[in-house]
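S.K.: Requesting a structural model of the entry that follows:
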Amino acid sequence: AFNLFALLDLDGRILRINRSAMNTLRHGQDVLGQCFWEAPWWPDKEEGRRIGKTAMAIATGGGVYWSDVVHVSRTGEERHIDFACSALKNEHGQCTYLIAEGRDITEYKNILKTLEKSERRFKSIFDHAPCAIVINDMQNGRFLEVNETFVKSTGFSREEALLMQAWEFTGFSPEQRRDIHQKIREGGVFNLEVESRRFDGMAGHLLFSSVPVPYGEKDAILSMVLDITDTKRAGLALAESEKKYRDIFNNAPIGIFRSTLDGHFLDANPTLASMFGYENSAHIIREVKDIARDIYPRPQARHTFLEALRRSPEGATMEVEFRRRDGSPLYGVMHASLQTGEEGSPAYLDGTIEDITERKRAEEALKASERTFSELFMLSPDCIVLSNLETGRIIQVNEAFLALLGYDRTEVLGLTRDELGLHSDLR
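M.R.: From the prediction side, this is the model:
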């Protein structure tokens, strides 16, 4: 991100503009003497004129104009700018210059966009703070003027701030102060990040650019200050959120994946890789070129699941037979949701796979055991009767029982042995 600062006369002509803005916007032509709204970075001159006139009217009336505008660099790249215009007054309170300031928030907007996306997976969130403008005495660093944004961001009142020096907000050593002071005298410092002190004693972070300017009869320092404390915290929060998600992702006992609709793994956790017989996440992502062909014994099953997701993009669940790397079967319960891209069209799948191979084997073994028992029960030459222990009512009888007593099965099921007139020792 860069900071733009321009000093304008009361007709809106550019008297001075900071180096970092011109370097970033990459406009080689000399803009000094031009009206601010006629500068080459305005994509729409009429819109620039409207904003410039409105900004001048508000600023010369004692207010501060604030707007989110779009500037265009020399290469045609659009940059989102937090733009403000305010008056620079002399010691008599008279408006002598206009200050046009801008903060490139293109990257900041991209950060906000990134956070908005992760919240759907794992959730972050933050707002940007406006820039502050301050004027300090070149000799002793005492504040000569501060704007309302500075007051709001630091928590100090204007009256309190005017009794303080700029160095009271930083942790600079005397040597660092002298070095920065000398650089400002030689032309300025740009986009310098420092730790700051707030009125409540909490540490903050500032990004500032400072240039030497005349202020009445004094040599002064004009600084544009951006409070990036929230941005720093948001970055740490995002990093922590990503770390928590990655810890869960890497250590989950079930397989977790992200894949494209056409069958490529974008991400896979170690459990998924091991489940399918691959060494690690990178191995399965690299080796599986076509999911339907490489891990499904019947590729149509994946197409069926994709159709279910298109009908219910918020989530679908299906029990699937997969194929491991060595060709052995893997049975799993797959749950996935369909995620959309920036244009709102389906882009990829986020899903999980629970390995139920052992459960399936146990179920098959149980079914086989039950079949064996049923066959032995029915084919036994001895009479066998199964009764409920609590009620004594008959649940099942075998063929030998029916043949011996001459009953049909429907006649005896649900009766007790006494109701059938059987001896109590009949088993």
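S.K.: so where's the protein uncertain?
M.R.: 1-2, 23-29, 73-74, 115-130, 171, 197-203, 423-427 (pLDDT under 70).
S.K.: need the contact list for residue 218.
M.R.: By Cβ atoms under 8 Å, 6 or more residues apart in numbering, the contact set of residue 218 is 137, 138, 139, 144. The way it works is simple: take the backbone N, C-alpha and C, and place the C-beta from them, glycine included.
S.K.: would you turn these into a markdown table with distance to residue 12 and secondary structure?
M.R.: Below are the contacts of residue 218 laid out as a markdown table (distance: Cβ to Cβ, whole Å; DSSP: H, G, I helix; E, B strand; the rest coil):
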| residue | distance to residue 12 | secondary structure |
| --- | --- | --- |
| 137 | 28 | strand |
| 138 | 27 | coil |
| 139 | 32 | coil |
| 144 | 25 | strand |
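S.K.: quick one: which of these is nearest residue 378?
M.R.: residue 144 (104.1 Å; Cβ to Cβ).
S.K.: From residue 44, how far off is the closest one?
M.R.: Separation of residue 144 from residue 44 (Cβ to Cβ, to the nearest Å) stands at 37 Å.
S.K.: Between those two, which has more neighbouring residues?
M.R.: residue 144 (17 against 13; other Cβ atoms under 10 Å).
S.K.: There's contact between that one and residue 133 in this structure, I believe.
M.R.: No - contact criterion Cβ atoms under 8 Å: residue 144 and residue 133 do not qualify, at 11.6 Å.
S.K.: Settle this for me: residue 412 is touching residue 397, isn't it.
M.R.: Yes - Residue 412 is within contact range of residue 397, at 5.8 Å (criterion: Cβ under 8 Å).
S.K.: List phi and psi for the residue nearest to residue 408 when sequence neighbours are not counted.
M.R.: Leaving aside its sequence neighbours, residue 408 sits nearest to residue 402 (Cβ to Cβ, 6 or more residues apart in numbering; 7.0 Å). The phi/psi pair for residue 402 (degrees, to the nearest 10) reads phi -70, psi -40.
S.K.: how about residue 402, what does it touch?
M.R.: Residue 402 neighbours (Cβ under 8 Å, 6+ apart): 408, 409, 412.
S.K.: Redo these as a markdown table? Include secondary structure.
M.R.: Output for the contacts of residue 402, formatted as a markdown table (DSSP: H, G, I helix; E, B strand; the rest coil):
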| residue | secondary structure |
| --- | --- |
| 408 | coil |
| 409 | helix |
| 412 | helix |
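S.K.: If you rank those residues by neighbours, which is first?
M.R.: Going by other Cβ under 10 Å, residue 412 tops the contacts of residue 402 with 21 neighbours.
S.K.: That one: what's it in contact with?
M.R.: 394, 397, 401, 402, 420.
S.K.: nearest to residue 357, of these?
M.R.: Nearest member of these to residue 357, counting by Cβ to Cβ, is residue 397, at 38.0 Å.
S.K.: need the contact list for that closest one.
M.R.: Here residue 397 is in contact with 383, 384, 385, 386, 407, 409, 412, 413 (Cβ under 8 Å, 6+ apart).
S.K.: Any chance of a ChimeraX selection covering the buried ones in the residues you listed?
M.R.: Here is the ChimeraX command that picks out the buried ones among these, judged by 16 or more other Cβ atoms under 10 Å:
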select :383,384,385,412
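S.K.: Which ones among the contacts of residue 397 lie within strands?
M.R.: 385, 386 (DSSP state E).
S.K.: Between the contacts of residue 397, which sits nearest residue 268?
M.R.: residue 386 (50.0 Å).
S.K.: Report the separation between the closest one and residue 158.
M.R.: 93 Å.
S.K.: from the contacts of residue 218, which two are the most distant?
M.R.: Among the contacts of residue 218, 139 and 144 lie farthest apart (Cβ to Cβ), at 11.0 Å.
S.K.: Same list as before, the contacts of residue 402 that is, but in JSON lines and with distance to residue 349 included.
M.R.: Output for the contacts of residue 402, formatted as JSON lines (distance: Cβ to Cβ, whole Å):
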{"residue": "408", "distance to residue 349": "56"}
{"residue": "409", "distance to residue 349": "52"}
{"residue": "412", "distance to residue 349": "56"}
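S.K.: Pick the one among those residues closest to residue 102.
M.R.: Nearest member of those to residue 102, counting by Cβ to Cβ, is residue 409, at 90.9 Å.
S.K.: contacting residues for that closest one?
M.R.: 397, 402.
S.K.: and the contacts of residue 397 as CSV, adding distance to residue 239?
M.R.: Shown next, in CSV, are the contacts of residue 397 (distance: Cβ to Cβ, whole Å):
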residue, distance to residue 239
383, 75
384, 69
385, 70
386, 65
407, 77
409, 71
412, 73
413, 68
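S.K.: and of the contacts of residue 397, the nearest to residue 4?
M.R.: Nearest to residue 4 among the contacts of residue 397, with distances taken as Cβ to Cβ, is residue 386, at 89.2 Å.
S.K.: Hmm, the closest one is touching residue 401, no?
M.R.: No - judged on Cβ under 8 Å, residue 386 makes no contact with residue 401 at a distance of 10.2 Å.
S.K.: List the buried residues for stretch 165-177?
M.R.: For stretch 165-177, using 16+ other Cβ under 10 Å, the buried residues are 166, 167, 169, 170, 172.
S.K.: Would you tell me which one of those comes nearest to residue 184?
M.R.: Of those, the one sitting nearest to residue 184 (Cβ to Cβ) turns out to be residue 166, at 10.6 Å.
S.K.: which SSE is residue 100 in?
M.R.: strand 95-104 (DSSP states H and E).
S.K.: Note down every partner strand of that strand and its orientation.
M.R.: In the sheet, strand 95-104 lines up against strand 3-8 (antiparallel), strand 78-89 (antiparallel) (DSSP bridges).
S.K.: Pick the most buried one from the ones you listed.
M.R.: strand 3-8 (a mean of 22; mean count of other Cβ atoms under 10 Å).
S.K.: helix or strand right after that strand?
M.R.: Downstream of strand 3-8 (by DSSP H and E), the next one is strand 14-17.
S.K.: coming back round to it: tell me the one among the contacts of residue 397 nearest to residue 320.
M.R.: The closest of the contacts of residue 397, once distances to residue 320 are taken by Cβ to Cβ, is residue 386, at 37.5 Å.
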